[in-house]
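1. need a structure here:
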Amino acid sequence: MMRGKTVIITGANSGIGRATAVELLRRHARVIMACRSAERAEEAAAEIRQQAAAVESPPEAEPQISERGELIIKLLDLASLASVRRFCDEIIREEPCIDVLINNAGVYQCPYTKTEDGFEMQFAVNHLGHFLLTHLLLDVLKRSAPSRIVVVSSKLYKYAEINFEDLNSEQSYDKAFAYGRSKLANLLFTLELSRRLEGSGVTVNALTPGIVRTNLGRHVYIPLLVKPLFSLFSWAFFRTPEQGAQTSVYLACSPDVEGVQGKCFADCREEEPLPKATDEEVAKKLWDISEVMVGISK
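-> Alright, predicted model coming up:
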């Protein structure tokens with residue numbers, strides 16, 4: 001049960017993030033939906049409350065209102081470092097405790113675009129935005145210990161490398177490679193952060209949710225004639241958001257992973273990442289460069 005615990009979920013208005021919010025609300029958590037669009041977040045929140053209530057206890061066993069979960073919407077655009085800082089300022093001002101931070105939001109294979117800060121969109125949202133977000137909330141997480149950070153990566157990290165000479169994809173841009181690189185960065189971030197958090201009471205672990213049927217693939221071009229077949233295939237073989245969210249929920253609240261640090265999970269079980277995702281030297285270098293990019297270098 002997560003009653004009384006505060007959980008922040010980025011990208012909680014759709015896909016895996018939304019399904020994670022439903023599950024944690026069912027467990028009576030206090031869920032802060034960190035979303036880019038207030039309108040979409042409000043619509044999602046109404047549906048999340050309905051879904052969570054659908055499996056509530058019968059009336060005679062109804063918990064007190066104060067014991068129910070709570071859903072709060074906060075605006076966060078991970079493509080804007082200024083937005084990340086505003087969000088964190090508000091959270092630090094209003095929230096005495098953060099029990100779980102779930103870095104879930106992401107963009108997938110979008111056309112080459114730069115953010116307002118001048119960074120390639122996928123690397124900026126999937127890695128840099130979450131890097132700054134986590135850094136700014138670390139003091140609250142440490143005060144709230146034992147607390148947890150959950151990082152949603154992807155198995156597509158296997159098809160990418162960290163090219164320190166072109167992190168911003170200015171020399172060349174392949175949208176699939178750029179996505180994989182951002183997800184590899186998630187795993188390297190988890191590795192280095194876990195080292196830095198030893199003994200703090202804050203744990204960080206990553207997960208790969210598998211191929212999930214969400215709107216994340218909206219930028220992927222599928223020929224018109226193939227679309228009906230692809231749709232049928234996805235319904236048959238892709239995971240539902242609810243299935244994709246299970247490992248996020250597991251890492252957020254299961255006693256089985258209490259004290260577990262710096263690991264990668266799939267299907268609620270620990271898995272061994274490829275060596276490129278466990279390279280401590282690369283993880284440290286990426287951390288140092290990320291600090292400079294987001295403007296927190298000392």
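
2. Please enumerate the strands of the stretch 101-250 of the chain.
-> 147-152, 202-207 (DSSP state E, counting those that start in this stretch).

3. Of all the ones you listed, which one is nearest residue 96?
-> Ranking the strands of the stretch 101-250 of the chain by proximity to residue 96 (Cβ to Cβ) places strand 147-152 first, at 12.4 Å. For glycine as for every other residue, the C-beta is placed from the backbone atoms N, C-alpha and C.

4. remind me which residues of the stretch 151-298 of the chain are low pLDDT?
-> Along the stretch 151-298 of the chain, the model assigns pLDDT under 70 to residues 212-238, 297-298.

5. can we see that at 50?
-> Across the stretch 151-298 of the chain, residues meeting the criterion (pLDDT under 50) sit at 213, 216-222, 226-227, 229-237.

6. still on that earlier bit, let me have the strands of the stretch 101-250 of the chain in a markdown table, extended by mean neighbour count and distance to residue 167.
-> As requested, the strands of the stretch 101-250 of the chain are arranged in a markdown table below (neighbours: other Cβ atoms under 10 Å; distance: least, Cβ to Cβ, whole Å):
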| stretch | mean neighbour count | distance to residue 167 |
| --- | --- | --- |
| strand 147-152 | 26 | 19 |
| strand 202-207 | 26 | 20 |
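
7. want to try CSV for those strands, with distance to residue 268 as columns?
-> Formatted as CSV, the strands of the stretch 101-250 of the chain follow (distance: least, Cβ to Cβ, whole Å):
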stretch, distance to residue 268
strand 147-152, 12
strand 202-207, 9
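
8. So which of these is nearest residue 249?
-> So among these, strand 147-152 is nearest, using Cβ to Cβ, at 9.2 Å.

9. Report the inter-axis angle for that closest one versus strand 202-207.
-> Using axes from the mean of the first three to the mean of the last three Cα atoms, to 10 degrees, the direction of strand 147-152 lies 20 degrees away from that of strand 202-207.

10. Other residues contacting strand 147-152?
-> 16, 98-104, 106, 130, 134, 141, 186-187, 189-190, 193, 201-207, 209, 248, 251-252, 257 (Cβ atoms under 8 Å, 6 or more residues apart in numbering).

11. which residues touch the residue most central in space within the chain?
-> The residue lying closest to the centre of the chain (Cα atoms, centre = their mean) is residue 104, at 1.5 Å. Each residue near residue 104 by Cβ under 8 Å, 6+ apart is listed here: 9, 10, 11, 12, 16, 17, 20, 150, 152, 248.

12. And the strands of the stretch 101-250 of the chain: which comes nearest residue 36?
-> If you check each of those against residue 36 by Cβ to Cβ, strand 147-152 wins as the nearest, at 16.3 Å.

13. Residue 29 against residue 69, yeah?
-> Yes: counting by Cβ atoms under 8 Å, residue 69 is a contact partner of residue 29 at 5.3 Å.

14. So for these two, which residues contact both of them?
-> Common contact partners of residue 29 and residue 69 (Cβ under 8 Å, 6+ apart): 2, 3.
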